[in-house]
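*Asks:* Below is the structure, and that's it, no one-letter string:
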């Protein structure tokens, strides 16, 4: 670490880590970091200016290593051949025997996943730091990601873990702190944070990754779904977009029709599953011995899977439950000419609307803004503390998790957990005493 006159600072680090979870030739990884900063506000040419009370530039670059989160990926592992019930297993006279077979092929070349991190930052302060702004732009490239790779049948085992993936993260982060009102009795402080992050898969083995739902994830993919166009006003059936290998677009009524005979061409980009924009806004008000703290959070730019919406298309569920009430923002098709959001209901078990998580019908705008935490405090005056022989004492009232403000057509308790229980509202009244 170097510091010259409080204006120029630099640091460097170098380390080597080892793990037996990697191949015998790659168990050790070497990582480093470099950083530098310039406190420009201390330069002589800044002495006579009255705009900046703080001006600092920051730059850092470094690498870090990560294990895959699973053990023994570099070892060849075996299992017994018994995969079904055997009557003679542990029979006293006629015990069965099974050969061991490979279920994971070892890889002596398996090595650390490596992240390459670049960060550029700027710190600003105004009016004797009454207003401060910290801005950062970053780019992270994760290489040698460990993934299961399908092997040829001649190997006698289905897959092997290899370093074949690559992903890129980049974004910006802003932190603004302000002292909006400053008086002897009343003060108002604000803190605003904003983050933007863009994730992209830049490399996969053979450019793709097969998933359990028989879909394939390709380099650069977001949420790829069969697009729900709307409800046919004449028939009340769902309308889905079908795309053939030549790019021709037609309209069909069922998912099986949209995907039959055309592989995955009907799956199109329908948005992001993770919010690219999020942050918080906090305000603190103080008046004499009172303090009010209000913390809010927000997020936008993503789609969330909403199984509640899908359940409204299940006619059998409507017949067996009285808990369903159609939200006022949605309209169900009932007669010809209806401009509806929900297709016609049908309780026939042979008819499956199939508007689940493979179609855009099941996804909704996940943006929200909510008051996450409110705290009202009263601090005992010093005169009271002296009389009671206390060092500090306060009465606190806390209110957590107010209902969020969401997109107009969102149905559910909370976009952060649309298919589960929402975070409970909490009311707390407490007394804090320090002797």
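*Replies:* Arrived safely, thanks for sending. All values reported here derive from a predicted model rather than from experimental measurement.
*Asks:* middle-most residue in this protein, spatially?
*Replies:* Nearest residue to the geometric centre of the chain (C-alpha atoms, centre = their mean): residue 274, 4.7 Å.
*Asks:* Please report how far that one lies from residue 171.
*Replies:* 12 Å (C-beta to C-beta, to the nearest Å). (Glycine included, C-beta is placed from N, CA and C.)
*Asks:* coming back round to it: Three-state assignment for the residue nearest to the centre of the chain, please.
*Replies:* Following DSSP: H, G, I helix; E, B strand; the rest coil, we place residue 274 in the coil state.
*Asks:* Contacts only, for it.
*Replies:* Residue 274 makes contacts with 197, 199, 302, as judged by C-beta atoms under 8 Å, 6 or more residues apart in numbering.
*Asks:* what does residue 36 give?
*Replies:* 8, 9, 10, 11, 58, 59, 60.
*Asks:* Name the residues of the helix or strand it falls within that come out as buried.
*Replies:* According to DSSP states H and E, residue 36 maps onto strand 28-39. For strand 28-39, the neighbour count (16 or more other C-beta atoms under 10 Å) marks 29, 31, 35, 37, 38, 39 as buried.
*Asks:* What residues sit buried inside the next helix or strand after it?
*Replies:* Per DSSP H and E, the first helix or strand lying C-terminal to strand 28-39 is strand 52-66. Using 16+ other C-beta under 10 Å as the test for burial, strand 52-66 gives 53, 54, 55, 56, 58, 60, 62, 63, 64, 65.
*Asks:* Include distance to residue 139 and pLDDT when you put those into JSON lines, please.
*Replies:* Shown next, in JSON lines, are the buried residues of strand 52-66 (distance: C-beta to C-beta, whole Å; pLDDT from 0 to 100):
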{"residue": "53", "distance to residue 139": "30", "pLDDT": "92"}
{"residue": "54", "distance to residue 139": "25", "pLDDT": "93"}
{"residue": "55", "distance to residue 139": "24", "pLDDT": "94"}
{"residue": "56", "distance to residue 139": "20", "pLDDT": "96"}
{"residue": "58", "distance to residue 139": "15", "pLDDT": "97"}
{"residue": "60", "distance to residue 139": "12", "pLDDT": "97"}
{"residue": "62", "distance to residue 139": "12", "pLDDT": "96"}
{"residue": "63", "distance to residue 139": "13", "pLDDT": "95"}
{"residue": "64", "distance to residue 139": "14", "pLDDT": "93"}
{"residue": "65", "distance to residue 139": "18", "pLDDT": "90"}
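*Asks:* Redo those as a markdown table? Include distance to residue 151.
*Replies:* Compiled in a markdown table, these are given as follows (distance: C-beta to C-beta, whole Å):
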| residue | distance to residue 151 |
| --- | --- |
| 53 | 62 |
| 54 | 58 |
| 55 | 57 |
| 56 | 53 |
| 58 | 46 |
| 60 | 40 |
| 62 | 35 |
| 63 | 30 |
| 64 | 30 |
| 65 | 26 |
